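Q: coordinates for the following, if possible.
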Amino acid sequence: MPPLVDEALLHGCREIHGGEELKRGVIHEKGNCFMECAMNATGTLVNGVLDQTKILQLISISRAGSNYELAQVFRSASVACFQSASIHRILPNNNNVKHCGSTAANFIGCVNMEIFKICLDDYWTNTHSCNALRNYVHSCSVPT
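A: Purely as a prediction, here's the structure:
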């Protein structure tokens, strides 16, 4: 499935937050920064708050194009994730300049998992390993 976040935005954010390869220990912080940077750049995250209307508009216009079915999958996944308590978890503010909030990364991670669960047949690889992973993901609960 096409990614929810445009690769060009992420590339620019990698330049801002350090373009080195992500490794354990920095992946959580850098991932948070990349997603926050990308969503800030599109205006879909403002002062740490998701702009649901703008996210749904962006999905319809730029990510799904004229593919109505794909737009519906993105929309359905996004709506489910807007309602997830884990997306709105407030973390203590850190005065460290490198600290980035987790709202954007939590939202994008949630949407990616929801998209995977309802992947369209045109994009699905019907193999034992993919089906096993999908079954596993369906049995997982989203943390709240």
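Q: per-residue pLDDT, the residue nearest to the spatial centre of the chain?
A: Nearest to the geometric centre of the chain sits Ile108, at 1.3 Å (CA atoms, centre = their mean). pLDDT recorded at Ile108 is 87.
Q: what sits against the residue of the chain most remote from its centre?
A: Here the chain reaches farthest from its C-alpha mean at His128, the gap being 25.8 Å by CA atoms, centre = their mean. If you count contacts by CB atoms under 8 Å, 6 or more residues apart in numbering, His128 has none. To be clear about C-beta, it is placed using only N, CA and C from the backbone, and glycine gets the same treatment.
Q: you'd agree the residue nearest to the centre of the chain is in a helix?
A: Yes: under DSSP: H, G, I helix; E, B strand; the rest coil, Ile108 sits within a helix.
Q: and the residue nearest to it when sequence neighbours are not counted, its phi and psi?
A: Closest residue in space to Ile108, ignoring its immediate chain neighbours: Met35 at 5.0 Å, by CB to CB, 6 or more residues apart in numbering. Main-chain dihedrals, Met35, degrees, to the nearest 10: phi -70, psi -40.
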